[in-house]
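K.L.:
Got a sequence here, can you build the structure:
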Amino acid sequence: ESIFLDAIDKQPENVELYHACIQFYIDSDQKEEIPLLLDEAKDSITEALSQYIISKPKFSLDDSETFDDVQELTLTAKDGYTIYYTLDEKEPSISSTKYTEPIQIGEGETVIKAIAVDPDGIPSLSAKKSYLVELPIEDAPAVSPSTGQYDSPVQIEIIVPDGYDAYYTMD
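P.N.:
The predicted model follows:
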């Protein structure tokens, strides 16, 4: 590998060197190195070796907004490609969770990284999105009159937000 990388450093426009290095990665079962190699290559190289450039998965949700409810995220890739993802900020690989159904995004921050893998096992670079779900917190029930000491019995009124129930104790 170092021989190929050194040669590529010296001849960054040599398509044959890149192709030989890619073949080395395929033969040595290091296909995850291919997108990293081509990510730093010049446009002329990436155009000549476009069959090895796999598009990143697409995310159905925009990560620029804060959501106030649980969300369902769909990942898509080119037909025939398999998607793998992580929820722990680690880089995904073919040993990560395989995407088979929409991902539930719950309360808090969720970071998802995903790759698409073509039928030959060549992965894309990873795509990363960070989602924030902040569930609204309803105000506490309003109690009137306020706490204190009274000389005679007082009726207490509890106003509860719509859709909520109030529970109380007398002790």
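K.L.:
Give me the number of neighbouring residues for Tyr25.
P.N.:
Burial of Tyr25, expressed as a neighbour count using other CB atoms under 10 Å, amounts to 20. C-beta coordinates here come from the backbone N, C-alpha and C atoms, glycine included.
K.L.:
That one: what secondary structure?
P.N.:
At Tyr25, secondary structure determined by DSSP: H, G, I helix; E, B strand; the rest coil is helix.
K.L.:
If we ignore the residues flanking it in sequence, what's nearest it?
P.N.:
Beyond its immediate neighbours in the sequence, the residue positioned closest to Tyr25 (CB to CB, 6 or more residues apart in numbering) is Glu33, lying 4.8 Å away.
K.L.:
Next, count neighbours for that neighbour.
P.N.:
17.
K.L.:
Just want to check the distance between it and Pro123.
P.N.:
The span separating Glu33 from Pro123 equals 10 Å under the rule CB to CB, to the nearest Å.
K.L.:
likewise Ala77?
P.N.:
With distances taken as CB to CB, Ala77 is found 11 Å from Pro123.
K.L.:
all strands of this structure, in order?
P.N.:
According to DSSP state E, the chain carries its strands in the segments 58-59, 66-67, 71-73, 75-76, 82-86, 97-98, 103-105, 108-117, 127-133, 142-144, 157-159.
K.L.:
Please name whichever of those strands is nearest to Asn14.
P.N.:
Using CB to CB as the criterion, the shortest distance between Asn14 and these is 27.2 Å, found for strand 108-117.
K.L.:
can you pull the pLDDT of the most centrally placed residue in the chain?
P.N.:
Here the mean C-alpha position of the chain is nearest to the C-alpha of Ile112 (CA atoms, centre = their mean), at a distance of 1.8 Å. Each residue has a pLDDT score; the one for Ile112 is 97.
K.L.:
do Lys90 as well
P.N.:
According to the model, Lys90 carries a pLDDT of 95.
K.L.:
residues touching the residue lying closest to it once chain neighbours are set aside, list them.
P.N.:
Nearest-residue entry for Lys90: Lys113, 7.3 Å, with adjacent residues in sequence omitted and distances by CB to CB, 6+ apart. When the contact criterion is CB atoms under 8 Å, 6 or more residues apart in numbering, the partners of Lys113 are Tyr85, Thr86, Glu89, Lys90, Glu91, Pro92, Ser126, Ala127, Lys128.
K.L.:
cool, Phe4 as well?
P.N.:
Remark: with contacts taken as CB under 8 Å, 6+ apart, Phe4 is in contact with Leu17, Ala20, Cys21, Phe24.
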